[in-house]
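pasted the sequence and its predicted model underneath.
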Amino acid sequence: MTTTVFSARRIITMDPSMPFATHVAVRDGRVLGVGSAGDLAAYGGAILDERFSEAVLMPGLVEGHSHAAEGSVWAQTYVGYQGRFDPEGGFWPGVESHEAVVARLQEAESALNDPDEPLFAWGFDPIYFDDERMSLRHLDAVSTTRPIVVLHSNGHLLNVNSAVLDRAGIDRGTNVHGVLRDANGNITGELMEIAAHYMAWKVTGNPFFGEVDEPTLRRFARAACNAGVTTASDLFASFDEVTLASYRAVAADKSVPLRVVPAMNTLSQPFAQGVETMREAMKSGNDRLVFGLCKVMTDGSIQGYTARMRWPGYHDGAANGLWNLEPEQLTALVAHYHRAGLQLHIHTNGDEATELMIDALEAALADTPRADHRHTLQHCQMADAAQFRRMGQLGICANLFANHIHYWGDEHRRLTMGPDRARRMNACRTALRSGVPLAIHSDAPVTPLAPLFTAWCAVNRVTASGHVLGAEECIDIQEALYAITLGAAYTLRMDHLVGSIECGKHADFAVLGEDPTVVDPMTLKDVPVLGTVVAGRWFPAAEWRHP
Amino acid sequence: MATSVSAEAPTPFTVIGGFLGAGKTTLLNRVLSDTAAPRCAVLVNDFGAIDIDASLIREHDGETLALANGCVCCSLASGFIKVMLKVMAERHRFDHVVVEASGVSEPQRIMDIARLDPELVPNAIITVVDACELAARLADPTTAGLVGVQLKAADLVLLNKVDRVDAAVLAASVELVQAQNIRAGIVRTTNADVPLSLIFGGGPESGSGTYCSGGPDTTRADSHQRAGEPRPEPWAKSEDRYEHEHEHAQEYEYEYEREHEYEHEHEHRHEREIVARQGHTTHATVDLFHSTSMTSSMALTRTALEQLDASLGAHIIRAKGIVELEGEPGRWSWQRVGGLSRIEALAGERSIADAVARLPFTAVLIATAPIDLDVLVLPEGVIASATDH
């Protein structure tokens, strides 16, 4: 029974009984003791490991709302506006013009051997291209014979080239909603809505459809390691046999540096069957694969205009968003899973969706009282102060989408929400003031998996254009660090296992190059992540490889 | 990976919309368990609500349910497009694709799939509405928009559960539907009980085999296609099933009796329905179906067909025919659902022998009130069998 003592420049424990330390003793993959070298002498002989002596240790970061797709999207070509690192550490510079998109795709195209193999790209965000829409002109410049599909980051649009249109039989005579045209009536190759998407995927196949496989989870774990994350959710998981088998295989492999918490998609199955599926899965959970979370999708996204908003609706007058299920069905779903004793993670973007779900949870709790249920509203971006007060009273947790403030805050102020509601979006301060247990998240791969960046968003609320969106809702660094460790762990019902460095917990650490508690808040996102420790084992982050 | 689209005859595509509890699943259960239904791929949201007699189930793998009548029910659990593509990869196994649209989806956007995919052809959007709840749904801001979209999209509206509302509420409900959509055919039902021919468009022998009429005031039977009479198009049905139906085709006295029920419950059901009618005189009554079949041994002019179509009253909610048009090659399909008609070139000729046996014009009309032949502008040479008196 070996004990290892790691020394560090500083250890931020998140344990109020010993907030800071310099040494941590690890035995059997767990934390045995925390303190100074002298304090740890009480545990007897140990191997002193000084590899982190210049580094700062934190509890392994907890991402409460991400998706395993972070591990699969990188098999395709990234064409997002912001530069991003892939799980191997390769840097994909942002593409800031249509010409840059074309150049990126030409490069990817030239690497394909089979002339019929479709080329797929993802992450494109038209919101940054005010002047011109992407069209056939751009994608046909890459190839007129190889099918090309570019997925937009909002998930509602695709761009294709003429090779896809030809194969799909879409031409000037096609008159179907969702096949977009320019001012002259020419089809642009931009496809919206289910029918046009169906047709595109019918001719090219869809590489984004598949079950979660092992390589995806391994890549997801690498991305997590690069971000200092040791526990992450896969927050909308199909519990099909292939996916479950992949989770189990990866969890059994100690060389994979991640504890995975899949949240089961409840929308796809009858309530009773879903409960049964989850109970069955829970029997096979372990230290690295934690079952129990049930995910509900209520509405869509704000930037996609599919979130359900209360009065006054969308600022620019767009029609109200979409429910994923009928409201009363959502309410019935909540009641059923609550009664079964399971924990719900409920996606609500718009404040009407949030209201419906608070009502549903309140009714479910009145019907079947349950202390410590930890039902969590995910995103919950537009909740107002009164809704947070109700959530506080009802014990409902919030996992707010802080990254949204930076990525789309300007657009929300200008287009979707208007200044008043944009100012209060992802209201971390109000949540805390109302006693709502708080986590913050990235929704990776929607935005990059990087809790320190997420914390930076919650602390500074600076939009892409540099505007501070609702300064009164900023939280301090300590609160933000809590939200990406114990706060998130609490919503995953894992705060007794991870989220702080204290005796009995998993020896999971984020290894940092600087102390995030003392940096200038505006540089919090730049604190280097050197890697992670999971169950006492060191996993270095990928070295960033700029081209 | 890349595939091209095949040149075979397209598969008809039907969207069934409506809110939770309106009766969609009841209707889908009817389709799935009817021995005379065409071979359908039925894509549903709530797989668990599908309630099929175990003896009819051939295979069940958790996501699909293969039935003895050739229908397959597919769960939309793993995503609409994914499931739809899977169905299309096996489309030779099906005569028809039916998609259940949840109350929160836009049926027209789903129907766009059939408008876009050459392997599919739009059949109808059918919206099922709970007559008890319609007014409340339209008054509730969380659902009003959704209900409006569903109603506006419909070719046919099944105003269901009319046995639970009185005549005044029913009349108000009809008005609410018409305020959203004046074009749609409206059918008043209980238990979503309609002849399958109303959905699939076949003649009296298709779908549920019989949908007879006769109402509280018309106890005399009307419908029927006698054995030996020229029959309407088999649409997409196999011959053996056809023969099976044929044996049982005869006159009935009941409302929309289904074939297999007829065999076993003939007397019993008759009594029950009579009693029910007497017992619910203050309640709104369901629509009773009337049909007329038409044939001609000569080709029609397009103008004559269009005039016939224009002469159909609003109560004629379904028409389906196959026709040769004078001076235009090939054969044509004439379809009317609700107030919307289409004349389209027919692809996929079956066989020469099949084509020779056919009359140049055969069609069936289905109506919710007696069809007055004198009002129809019948093209020259068309014989209509007056089935209502």
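That came through, no problem.

and for residue 147, the neighbour number?
As the question left the chain open, I've gone with chain A. 26 (other Cβ atoms under 10 Å in any protein chain shown). (Glycine included, C-beta is placed from N, CA and C.)

correction: the question concerned chain B.
24.

now do the SS call for it.
helix (DSSP: H, G, I helix; E, B strand; the rest coil).

leaving out sequence neighbours, find the closest residue to it.
B:Arg137 (4.7 Å; Cβ to Cβ, 6 or more residues apart in numbering or on different chains).

kindly give the local confidence score, pLDDT, for that neighbour.
Here the pLDDT value assigned to B:Arg137 is 90.

so which strand or helix has it?
helix B:134-139 (DSSP states H and E).

ok, and what's touching that helix?
B:Phe19, B:Asp130, B:Thr143, B:Ala144, B:Val147, B:Gly148, B:Leu159, B:Val169, B:Ala172, B:Ser173, B:Leu176, B:Val177 (Cβ atoms under 8 Å, 6 or more residues apart in numbering or on different chains).

ok, the fifth one to A:Asn286 distance?
Translated: B:Val147. 47 Å (Cβ to Cβ, to the nearest Å).

can you check the fourth one too?
Applying Cβ to Cβ, the value for B:Ala144 to A:Asn286 is 48 Å.

and if you look at the first one?
Going from B:Phe19 to A:Asn286 by Cβ to Cβ gives 43 Å.

out of these two, which sits in the more crowded spot?
Under the neighbour definition other Cβ under 10 Å, B:Phe19 and A:Asn286 were set side by side, and B:Phe19 has more, 24 against 11.

the more buried one contacts B:Thr127, doesn't it?
No. B:Phe19 lies out of contact with B:Thr127 (Cβ atoms under 8 Å); the separation is 9.1 Å.

since we're on A:Glu117, how many residues are nearby?
A:Glu117, neighbours per other Cβ under 10 Å, totals 15.

now do it, the pLDDT please.
For A:Glu117, pLDDT reads 95.

for A:Gly155, which three-state class applies?
coil.

skipping adjacent residues, who's closest to it in space?
A:Gly304 is the one closest to A:Gly155 (Cβ to Cβ, 6+ apart), at 6.7 Å.

low-confidence ranges in the chain?
Here I'm looking at chain A. For chain A, applying pLDDT under 70 flags the ranges A:547.

you looked at the wrong chain, it should be chain B
For chain B, the ranges with pLDDT under 70 are B:1-7, B:48, B:202-284, B:347-357, B:386-389.

pull up the residues of it that are close to chain A.
B:1-5, B:19-20, B:46-49, B:75-82, B:84-85, B:88, B:102-104, B:108-113, B:115-118, B:142-143, B:145-146 (Cβ under 8 Å from any Cβ of the partner chain).

do that again at 7 Å, thanks
B:1-5, B:19-20, B:46-48, B:77-78, B:80-82, B:84-85, B:88, B:102-104, B:109-110, B:112-113, B:115-118, B:142-143, B:145 (Cβ under 7 Å from any Cβ of the partner chain).

please indicate which of those are buried?
Buried by 16 or more other Cβ atoms under 10 Å in any protein chain shown: B:5, B:19-20, B:46-47, B:77-78, B:80-81, B:84-85, B:88, B:102-104, B:109-110, B:112-113, B:115-117, B:142-143, out of these.

can stretch A:320-330 be found next to chain B?
Yes. On the criterion Cβ under 7 Å from any Cβ, stretch A:320-330 is in touch with chain B at A:Asn320, A:Leu322, A:Trp323, A:Asn324, A:Leu325, A:Glu326, A:Pro327, A:Glu328, A:Gln329.

number of nearby residues for the closest residue to chain B within the stretch 201-350 of chain A?
Closest to chain B within the stretch 201-350 of chain A is A:Pro270: 2.6 Å, counting by Cβ to the nearest Cβ. Applying other Cβ under 10 Å, we find 17 residues neighbouring A:Pro270.

quick check: it touching B:Asp46?
Yes. Between A:Pro270 and B:Asp46 there is a contact at 6.1 Å, judged by Cβ atoms under 7 Å.

wait, what's in contact with the residue nearest to the spatial centre of chain A?
With distances taken as Cα atoms, centre = their mean, the residue of chain A nearest its centroid is A:Asp443 (1.8 Å). Listed by Cβ atoms under 7 Å, 6 or more residues apart in numbering or on different chains, the contact partners of A:Asp443 are A:His65, A:Ser66, A:Phe401.

and it, how far is that from chain B?
19 Å (Cβ to the nearest Cβ, to the nearest Å).

buried residues in stretch A:101-121?
Buried residues in stretch A:101-121 (16+ other Cβ under 10 Å): A:Val101, A:Val102, A:Arg104, A:Leu105, A:Ala108, A:Glu109, A:Pro118, A:Leu119, A:Phe120, A:Ala121.

tell me which stretches of chain B form helices.
B:24-33, B:80-89, B:107-116, B:134-139, B:144-153, B:167-180, B:196-200, B:239-248, B:259-279, B:302-310, B:352-356 (DSSP state H).

which helix is the longest one in chain A?
Max-length helix for chain A by DSSP H is helix A:351-367.

now A:Ala364: closest residue in space that isn't a chain neighbour?
A:His338 is the one closest to A:Ala364 (Cβ to Cβ, 6+ apart), at 4.0 Å.

ok, which residues in chain A are in contact with chain B?
Residues of chain A lying near chain B (Cβ under 7 Å from any Cβ): A:116-118, A:147, A:167, A:169, A:174, A:176-178, A:193-199, A:201-205, A:209, A:238, A:268-270, A:272-273, A:320, A:322-329.

just to revisit the earlier point, roughly how far does the residue nearest to B:Val147 sit from B:Gly21?
10 Å.

which one of the two has more residues nearby?
B:Arg137 (22 against 18).

can you pick the most crowded of the residues of stretch A:320-330 next to chain B?
A:Trp323 (26 neighbours).

got the contact list for the closest residue to that residue other than its chain neighbours?
Distances taken as Cβ to Cβ, 6+ apart put B:Val104 closest to A:Trp323, at 4.3 Å, once the chain neighbours are dropped. Applying Cβ under 7 Å, 6+ apart to B:Val104 gives the contacts A:Leu322, A:Trp323, A:Asn324, A:Leu325, A:Glu326, B:Leu146.

before we move on, back to that, okay, the residues of stretch A:320-330 next to chain B in CSV with distance to A:Asn349 and secondary structure next?
Supplementary listing: the residues of stretch A:320-330 next to chain B in CSV, determined by distance: Cβ to Cβ, whole Å; DSSP: H, G, I helix; E, B strand; the rest coil:
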residue, distance to A:Asn349, secondary structure
A:Asn320, 12, coil
A:Leu322, 11, coil
A:Trp323, 11, coil
A:Asn324, 11, coil
A:Leu325, 15, coil
A:Glu326, 18, coil
A:Pro327, 15, helix
A:Glu328, 20, helix
A:Gln329, 18, helix
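
which one of those residues is nearest A:Met494?
Comparing the residues of stretch A:320-330 next to chain B against A:Met494 with Cβ to Cβ places A:Asn324 closest, at 26.9 Å.

so how far is B:Ser297 from the closest one?
From A:Asn324 over to B:Ser297 (counting by Cβ to Cβ), the distance is 54 Å.

also B:Ala139?
55 Å.

leaving out sequence neighbours, find the closest residue to A:Gly300.
A:Thr306 (2.4 Å).

who's in contact with A:Ile12?
A:Phe20, A:Val56, A:Met58, A:Thr517.

and it, bridged to which residues?
A:Phe20 (DSSP bridges).
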